[in-house]
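Colleague: Starting from these lines, generate the structure:
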Amino acid sequence: MRSYEELVSEAEAADVDGWGFDWLTGRATEERPPWGFARLLAQRLATVESALDLDTGGGEVVGEAGVLPSRMVVTEAWPPNAARARKRLGPRGVEVVETSIHGPIPLEDNSFQLVSSRHPVRPDWPEIHRVLEPDGHYFAQHVGPASGFELIEHFLGPLPEDVRQGRHPDDEATAAQHAGLTVVDLRTATCRMEFFDIGAVVWTLRKLVWWVPDFSVARYDRELRELDAQMRSGKPFVAHSTRHLFDARR
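Modeller: Numbers count the residues shown, from 1 in each chain. Prediction:
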């Protein structure tokens, strides 16, 4: 195995834009939820005339769909990701709208049959309700509570219970209902993650900046070297992601 310094340097230099995780191939694995969100979304996109994908990243999930509706719009707040989405989806006639994380959805009322998202930053339920047509659906895969916390707490230490229980599906379902949506399906899954080298950890924490907000290799040298020693001994670092599938109707 290459040295700690070589693995870390490679991970620090690697591109982390977009929502693709191909860089982790051979370095880390994550079990997928049983429902297959990208496949289910592609099926729905093929049956509607208008759709909006929120927090689309580089348009990776929408780009997997073979058939898109006649009006397809995606939003993204991070400019490098928005540029990737334009490059990927623009040739297919998709409109890419740049937004702010805390701002409203800058689109018309009652204008989409389907609103979707994979791992939205923070679902704005009143805004989702507003842009949906009557009887339109919000279909999404969300990150659940305490997702990846084995890794996060290795760096930050034990976190308060209210932080661990954030993004709970029951709380999100209640918020959706308060906004006027009817939850018609809600499924949950816990998925095993394994990290095999320290480069995978560094790259992941660079990409998912909200996991350890003050992360840098220098700041967390001791914790990183502890993980490196564990993985070099042949024992991968194991964490668990949580996901829930939402289907709500206006």
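Colleague: confidence score at Glu12?
Modeller: pLDDT recorded at Glu12 is 97.
Colleague: Can you give me the separation between it and Val212?
Modeller: Computed with C-beta to C-beta, to the nearest Å, the distance linking Glu12 and Val212 is 15 Å. All C-beta spots, glycine's among them, are computed from the backbone N, C-alpha and C.
Colleague: higher neighbour count, those two?
Modeller: Val212 (20 against 14; other C-beta atoms under 10 Å).
Colleague: which residues does the nearest residue to the more buried one once chain neighbours are set aside contact?
Modeller: With C-beta to C-beta, 6 or more residues apart in numbering as the measure, Phe155 is the residue that lies nearest to Val212, at 4.7 Å, once sequence neighbours are left out. Phe155 makes contact with Leu205, Val212, Phe215, Tyr220, Glu223 under the criterion C-beta atoms under 8 Å, 6 or more residues apart in numbering.
Colleague: same check, this time on Asp221
Modeller: Taking C-beta under 8 Å, 6+ apart as the definition of contact, Asp221 has no neighbours.
Colleague: Buried ones in the lowest-mean-pLDDT helix or strand in the chain, by neighbour count?
Modeller: Least confident helix or strand, the chain: helix 161-164 with a mean of 92, by mean pLDDT, DSSP states H and E. Neighbour-count burial for helix 161-164, with 16 or more other C-beta atoms under 10 Å as criterion, is recorded at Arg164.
Colleague: Show me what it is packed up against.
Modeller: Packing partners of helix 161-164 (3 or more C-beta pairs under 8 Å, 6 or more residues apart in numbering; DSSP states H and E): none among the helices and strands.
Colleague: didn't Ala77 look like it was pressed against Thr99?
Modeller: Yes: applying C-beta atoms under 8 Å, one finds Ala77 in contact with Thr99, separated by 5.1 Å.
Colleague: Does anything pack onto the helix or strand where Pro80 lies? Which helices or strands?
Modeller: Element membership of Pro80 [criterion: DSSP states H and E] is helix 79-89. For helix 79-89, the helices and strands in contact under the criterion 3+ C-beta pairs under 8 Å, 6+ apart are helix 60-63, strand 71-76, strand 95-98.
Colleague: For the residue positioned nearest the centre of the chain, report the pLDDT, please.
Modeller: Within the chain, the residue whose C-alpha comes closest to the C-alpha centroid is His119; the distance, by C-alpha atoms, centre = their mean, is 3.3 Å. His119 is assigned a pLDDT of 94 by the prediction.
Colleague: swap in Gly20?
Modeller: If you check Gly20, the pLDDT there is 80.
Colleague: before we move on, what SS does it have?
Modeller: Using DSSP: H, G, I helix; E, B strand; the rest coil as the criterion, the local structure at Gly20 reads coil.
Colleague: ok, it to Asn81 distance?
Modeller: Gly20 is 10 Å from Asn81, where distance means C-beta to C-beta.
Colleague: between those two, which one's more packed in?
Modeller: More crowded of Gly20 and Asn81, by other C-beta under 10 Å: Asn81, with 21 against 14.
Colleague: And Arg243, its phi and psi?
Modeller: Dihedral angles of Arg243 (phi, psi; degrees, to the nearest 10) stand at phi -140, psi 150.
Colleague: That one: what's it in contact with?
Modeller: Arg243 is in contact with Pro33, Gln141, His142, Val143, Gly144, Ser147, Thr188, Ala189, Cys191, counting by C-beta under 8 Å, 6+ apart.
Colleague: Okay, and the beta partners of it?
Modeller: Under the criterion DSSP bridges, Arg243 forms beta bridges with Val143, Ala189.
Colleague: residue contacts, the nearest residue to Arg86 once chain neighbours are set aside?
Modeller: Here the nearest residue to Arg86 in space, its sequence neighbours aside, is Val96; by C-beta to C-beta, 6+ apart that works out to 4.8 Å. Taking C-beta under 8 Å, 6+ apart, we find Val96 in contact with Thr56, Gly59, Val73, Val74, Thr75, Glu76, Ala82, Ala85, Arg86, Leu89, Gly90.
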